[in-house]
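*Asks:* okay, here's the prediction I keep looking at, along with the sequence it came from:
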Amino acid sequence: MHRSLGWYHRQRAIAATKKKLAFREYAETADHYCQAAEALPEDDEKCTYFLAVAVEVSWDSSKPLKDIMPLVARVSFSFTKARQIWEHSAGSEHRLEHVGKVLSFGIKCKKAIDEGVMSLDSVVKPISRVRIVLVRESRVN
């Protein structure tokens, strides 16, 4: 059910004509995908995928890294457990693509935080879902 609600709110966010409404819908999307993940065992490949989707929509909702990095850590933890079981399952290639982007984002953000280039209050997102390059975003009040 939560996966379906997440999809629904994501569509509403995409169709939104005002940034604040879109951000609110993306936040709802992330919450529902997290709840969908929590309904599954941590070693289930769909748990990892749902958490990765929650991170991706968090990028679109302009959440700061202090909200995103714990999700990235959950993706990493779940992925480590799920990979041992599901690495060669049907559809894993598609899910691994999402997870890989999220993990790459997390590594780059952690490095930037450690180097003092960013803080956990920074709002960043990839400029492309294909190649992870971090960009800062101005906050919308």
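*Replies:* Ah, there it is.
*Asks:* tell me where the model's unsure across this structure.
*Replies:* Applying pLDDT under 70 to the chain flags residues 86-95, 128-141.
*Asks:* what about the residue sitting nearest the centre point of it, helix or strand, and which?
*Replies:* When the chain is reduced to its mean C-alpha position, the closest residue under Cα atoms, centre = their mean turns out to be residue 55, at 1.0 Å. Element membership for residue 55, per DSSP states H and E: helix 45-60.
*Asks:* the inter-axis angle of the next helix or strand after that helix versus helix 45-60?
*Replies:* Note on helix 45-60: by DSSP H and E, the next helix or strand toward the C-terminus is helix 65-86. Interaxial angle of helix 65-86 relative to helix 45-60 (axes from the mean of the first three to the mean of the last three Cα atoms, to 10 degrees): 160 degrees.
*Asks:* can I get the CA coordinates of helix 65-86 in CSV?
*Replies:* Taking C-alpha atoms only, helix 65-86 is exported to CSV below (Å, rounded to 0.1, in the frame of the first residue of the first chain):
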residue,chain,number,x,y,z
LEU,A,65,22.0,16.3,4.1
LYS,A,66,21.2,15.8,7.8
ASP,A,67,17.9,14.3,6.6
ILE,A,68,19.3,12.5,3.6
MET,A,69,22.5,10.9,4.9
PRO,A,70,20.8,8.7,7.5
LEU,A,71,18.7,7.3,4.6
VAL,A,72,21.8,6.7,2.6
ALA,A,73,23.2,4.8,5.6
ARG,A,74,20.1,2.6,5.7
VAL,A,75,20.4,1.9,1.9
SER,A,76,24.0,0.9,2.4
PHE,A,77,23.1,-1.4,5.4
SER,A,78,20.2,-3.0,3.6
PHE,A,79,22.2,-3.4,0.4
THR,A,80,25.0,-5.2,2.2
LYS,A,81,22.5,-7.7,3.5
ALA,A,82,20.4,-8.1,0.4
ARG,A,83,23.3,-8.4,-2.0
GLN,A,84,24.3,-11.7,-0.5
ILE,A,85,20.9,-13.2,-1.3
TRP,A,86,19.5,-11.3,-4.3
